[in-house]
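1. okay, structure incoming, though there's no sequence with it:
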């Protein structure tokens with residue numbers, strides 16, 4: 001299917017704590033039956049031009065994020081989703097789950113309950129349960145309980161660019177992240193520009209990818225470093241918020257605190273004895289929006305001691321669009337300009 005042959009693509013746009021989500025509502029062809037990871041591979045290998053149309057300029061931007069709803073494969077799933085961004089396709093996205101929980105209730109994909117509506121969402125990393133709090137018959141806050149998440153590598157040290165020796169952890173929260181405190185890079189939130197955090201986080205990601213092989217007990221397709229999260233270093237439990245920024249994919253900056261990133265941080269905190277089950281913590285983003293998170297349960301992921309995390313936030317609608325491609329458009333597949 002050529003780009004020029006692409007028909008109209010319809011979307012609903014939302015944001016969760018400032019992070020965009022473009023939900024595809026029409027224009028994709030039917031996908032072959034199979035597991036969610038097989039569907040992800042098919043979209044990546046055969047339909048990637050549609051991702052570029054929706055994520056890239058002039059219809060999107062370098063930090064756009066998308067969700068394609070597909071036929072569920074897991075028993076008990078109400079819907080299934082493939083996540084997309086400026087580089088490709090993720091395995092988990094917490095801010096998208098929060099938005100999709102509300103969207104599923106609003107669109108009648110699941111019948112609403114009076115107080116809390118459960119929405120089971122199949123993701124490439126597994127089944128994630130969203131709980132949609134209802135107020136006056138409408139969706140309000142959404143929480144999700146993560147797949148088993150764990151600290152993969154602790155107290156690692158690498159030479160990173162011009163910053164010298166940097167200490168970091170690698171944790172899994174539906175995707176793998178390198179976790180490091182920003183002061184090691186001489187960075188401080190509200191003082192230094194976002195671009196400085198991007199440079200440092202991207203350098204850490206590249207160094208870790210080169211030096212540290214990853215593995216996941218469920219599937220080899222899950223074993224890749226999605227990005228790096230720079231924190232304020234306030235990992236020990238406190239009633240004060242802790243701040244972080246996630247830089248993922250191709251230097252993409254998450255405006256929200258990052259749902260899967262909060263999950264990874266909670267897994268690392270619990271493994272270090274810095275937070276207990278049910279202790280709620282507020283996580284703030286680079287733009288000072290908030291998620292709340294807590295360790296929901298203890299579990300295992302293969303040989304790893306693991307947790308499930310509960311992360312909560314709010315999503316809002318920003319618009320609806322129909323996109324098209326003209327046959328003589330030399331920029332049909334889009335472009336990225338930073």
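-> Ah, there it is. Just so you know, these numbers come straight off a predicted model, no measurement behind them.
2. what is the burial count for residue 192?
-> Residue 192: 14 surrounding residues under other Cβ atoms under 10 Å. The way it works is simple: take the backbone N, C-alpha and C, and place the C-beta from them, glycine included.
3. got it, and residue 333?
-> If we define neighbours as other Cβ under 10 Å, then residue 333 has 18 of them.
4. wait, isn't it in contact with residue 51?
-> No. Counting by Cβ atoms under 8 Å, residue 333 sits too far from residue 51 to count as a contact (9.6 Å).
5. strands along the stretch 151-300 of the chain, start to end?
-> Taking DSSP state E, counting those that start in this stretch, the strands of the stretch 151-300 of the chain run over residues 164-172, 176-181, 225-231, 242-248, 252-253, 281-284, 290-301.
6. average pLDDT across the first one?
-> What it means is strand 164-172. If you average the pLDDT over strand 164-172, you get 98.
7. the shortest one too?
-> Over the span of strand 252-253, the pLDDT mean works out to 98.
8. let me have the strands of the stretch 151-300 of the chain in CSV, extended by mean neighbour count and distance to residue 23.
-> CSV is the format used below for the strands of the stretch 151-300 of the chain (neighbours: other Cβ atoms under 10 Å; distance: least, Cβ to Cβ, whole Å):
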stretch, mean neighbour count, distance to residue 23
strand 164-172, 20, 26
strand 176-181, 26, 24
strand 225-231, 26, 21
strand 242-248, 26, 19
strand 252-253, 20, 18
strand 281-284, 21, 24
strand 290-301, 18, 20
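9. so which of those is nearest residue 189?
-> Between residue 189 and the strands of the stretch 151-300 of the chain, the tightest spacing by Cβ to Cβ is seen for strand 242-248, at 5.3 Å.
10. for my notes, confirm residue 97 occurs in a helix.
-> Yes. Membership of residue 97 in a helix is supported by DSSP: H, G, I helix; E, B strand; the rest coil.
11. and it, what is it in contact with?
-> Residues near residue 97 by Cβ atoms under 8 Å, 6 or more residues apart in numbering: 121, 123, 128, 130, 142, 144, 259.
12. looking at these, spot the one nearest residue 20.
-> For those, the closest approach to residue 20 (Cβ to Cβ) belongs to residue 259, at 14.0 Å.
13. what is the neighbour count of the closest residue to that closest one other than its chain neighbours?
-> Excluding the flanking residues, the one nearest residue 259 by Cβ to Cβ, 6 or more residues apart in numbering is residue 94, at 1.2 Å. Residues near residue 94, counting by other Cβ under 10 Å, number 33.
14. ok, residue 94 touching residue 263?
-> Yes. Shown here, residue 94 and residue 263 form a contact pair, counting by Cβ under 8 Å, at 6.6 Å.
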